[in-house]
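K.L.:
need coordinates for the following:
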Amino acid sequence: MNPEILLDLVKVRMPFGKYKDRILCDLPVSYLEWMYTKGWPAGKLGQQLATIYEIKINGLEYLLKPLRNR
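P.N.:
This next block holds a predicted model:
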C-alpha cells in the first residue's frame, strides 16, 4: 500500500457538497454511508472516499492519528 494514500486522507479537503472544505478523515460515517449508496465519484477522490469509509467502518482510524501532525 502506498503511504501517500493515507497521508492524503488527513490533508485533502472535500471539494463539494454538504461537507465542502472538511478534511476527508473528518467526514462523518453517515455521510460516507450515504455516498456509498449513491456511488463514489470517479477518479482519485472516489478512491480516497472509499478508503476512508473502509477505515472508519472497520475501526481503523487510529492508523491516521500519527499522520495528522505531519
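
K.L.:
contact partners for the closest residue to residue 49 other than its chain neighbours?
P.N.:
Residue nearest to residue 49 in three dimensions, not counting chain neighbours: residue 40, with 5.4 Å by C-beta to C-beta, 6 or more residues apart in numbering. For the C-beta atoms, the positions are set from N, CA and C on the backbone; glycine is no exception. Counting by C-beta atoms under 8 Å, 6 or more residues apart in numbering, residue 40 makes contact with 46-47, 49-50.

K.L.:
buried ones among those residues?
P.N.:
Buried subset of the contacts of residue 40 (neighbour count, 16 or more other C-beta atoms under 10 Å): residue 49.

K.L.:
by residue count, which helix of this protein is the longest?
P.N.:
Determined from DSSP state H, the single longest helix within the chain is helix 43-57.

K.L.:
ok, now how distant is residue 43 from residue 68?
P.N.:
From residue 43 over to residue 68 the distance is 24 Å, taken as C-beta to C-beta, to the nearest Å.

K.L.:
show me which of the two is the more surrounded one.
P.N.:
Set residue 43 next to residue 68 and count neighbours by other C-beta atoms under 10 Å: residue 68 wins out with 13 against 8.

K.L.:
got the CA coordinates for the lowest-mean-pLDDT helix or strand in the chain in CSV?
P.N.:
Ranked by mean pLDDT, DSSP states H and E, the weakest helix or strand in the chain is helix 65-68, scoring a mean of 86. Extracted in CSV, the C-alpha atoms of helix 65-68 (Å, rounded to 0.1, in the frame of the first residue of the first chain):
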residue,chain,number,x,y,z
LYS,A,65,-3.7,9.8,14.2
PRO,A,66,0.1,9.8,13.7
LEU,A,67,-0.3,11.3,10.3
ARG,A,68,-2.4,14.3,11.4
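
K.L.:
what's the burial count for residue 52?
P.N.:
Counted by other C-beta under 10 Å, the residues lying close to residue 52 total 25.
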